[in-house]
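K.L.:
need a 3D model of the sequence below.
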Amino acid sequence: MGVYLVTGASKGIGRSLALLLAEHGHQVILLARDSPELDEAVKLVKKNSEYSFSLPCDLASSAQISESAKKLISSVDGLDGLVHNAGSIHPVKPMMDADVSQWSRSIQVNLIGVQDLTQQLSSLLKGPQQTRITTISSGASLRPVESWSAYCTAKAGLDMWARCLAEEGVQHNISAISVAPGIVDTGMQEDIRSVDPADFPSHEAFVSYHTDGHLTDPNDVASLLYPLITEHTMGQSGQRFDVRDL
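P.N.:
Down below sits the predicted model:
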């Protein structure tokens, strides 16, 4: 079976994907910030995939990215797939009020860290077999959302990043797609509901998504994503998908 790296794997969609990949017999490397949630996730994954392991890493830190990349390169011979799922919604503030350091951190985690990690793992991606790279996109990559300027900008950039990688990756058997997962019941949704309503005009709507039961279960999303992550073709490389259309 394959070897897959999943970022943001300690909770939400990333955790569900890691568990599902392991259930199908794949070796999974779970990358996320160091936390009890990451420790628990890797314990569950190892029940079905004993050679799976975790890599504590904060994508806001280039030093941690470098350290994690070196550890991974020394641990596996190659990657069959890489799922860029980690992300941050903060800062949820009007553009003119957002702290520039927080705004910059968002771009680092949601976009620059993706490029940095992928580039440092390039030796594991180039090989005779197809390496499938999947980025988790968002509806916010296509339309502006008030007070989400950093997140929207980063996700729009991530969509284009995947398209650029798809263009350049052909000669190395690297494919890249992006997938919007819909509105999912994750920690990010909790973060959105916890912000000051004065800073976020759509706060009431996001609270109602939760109270009215409109959020999708991450396990259901993972089940829909799995075939794309593990089977998408070179012909599909560069495309953007939406889970609600699968």
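
K.L.:
quick one, helices of the protein?
P.N.:
12-23, 36-46, 62-75, 100-107, 113-120, 122-125, 149-169, 187-194, 203-211, 218-231 (DSSP state H).

K.L.:
between those helices, which one is closest to Gly81.
P.N.:
When those are compared by CB to CB, helix 218-231 sits nearest Gly81, at 5.9 Å. Just so you know, the C-beta spots here come from the backbone N, C-alpha and C atoms, and that holds for glycine as well.

K.L.:
list the buried residues for the closest one?
P.N.:
Pro218, Val221, Ala222, Leu224, Leu225, Tyr226, Leu228, Ile229, Thr230 (16 or more other CB atoms under 10 Å).

K.L.:
could you report the separation of the closest residue to the last one other than its chain neighbours from Ile183?
P.N.:
It refers to Thr230. Spatial nearest neighbour of Thr230, excluding adjacent residues (CB to CB, 6 or more residues apart in numbering): Gly81 at 6.5 Å. To Ile183, Gly81 is 25 Å away according to CB to CB, to the nearest Å.

K.L.:
neighbour-wise, which of those two wins?
P.N.:
The neighbour count for Gly81 versus Ile183, taken as other CB atoms under 10 Å, is higher for Gly81 (23 against 19).

K.L.:
go ahead and confirm the more buried one touches His232.
P.N.:
No. Shown here, Gly81 and His232 do not form a contact pair, counting by CB atoms under 8 Å, at 9.5 Å.

K.L.:
shared neighbours of these two, anything?
P.N.:
Taking CB atoms under 8 Å, 6 or more residues apart in numbering as the criterion, Gly81 and His232 both touch Arg132, Thr134.

K.L.:
from Phe53, how far out is the residue minimising distance to the centre of the chain?
P.N.:
By CA atoms, centre = their mean, the chain has its centre lying nearest to Asn85, at 0.7 Å. Asn85 sits 17 Å away from Phe53, going by CB to CB.

K.L.:
about what we covered before: identify the residues contacting the residue nearest to the centre of the chain.
P.N.:
Val6, Thr7, Gly8, Ala9, Gly12, Ile13, Gly14, Leu17, Ile136.

K.L.:
which of the residues you listed lies closest to Thr153?
P.N.:
Set against Thr153, the nearest of the contacts of Asn85 by CB to CB is Ile136 (16.0 Å).

K.L.:
verify the stated contact: that closest one with Val83.
P.N.:
Yes. With contact defined as CB under 8 Å, Ile136 counts as touching Val83 (7.2 Å).

K.L.:
tally of neighbours for the nearest residue to Lys46 once chain neighbours are set aside?
P.N.:
Spatial nearest neighbour of Lys46, excluding adjacent residues (CB to CB, 6+ apart): Ser52 at 5.4 Å. For Ser52, the count of nearby residues is 22 (other CB under 10 Å).

K.L.:
what of the one 4 residues further on?
P.N.:
Using other CB under 10 Å, the number of residues around Pro56 comes to 17.

K.L.:
mind starting the numbering at 669 from now?
P.N.:
Got it, the first residue is 669 from now on, which makes the last one we talked about Pro724.

K.L.:
good, wrapping up.
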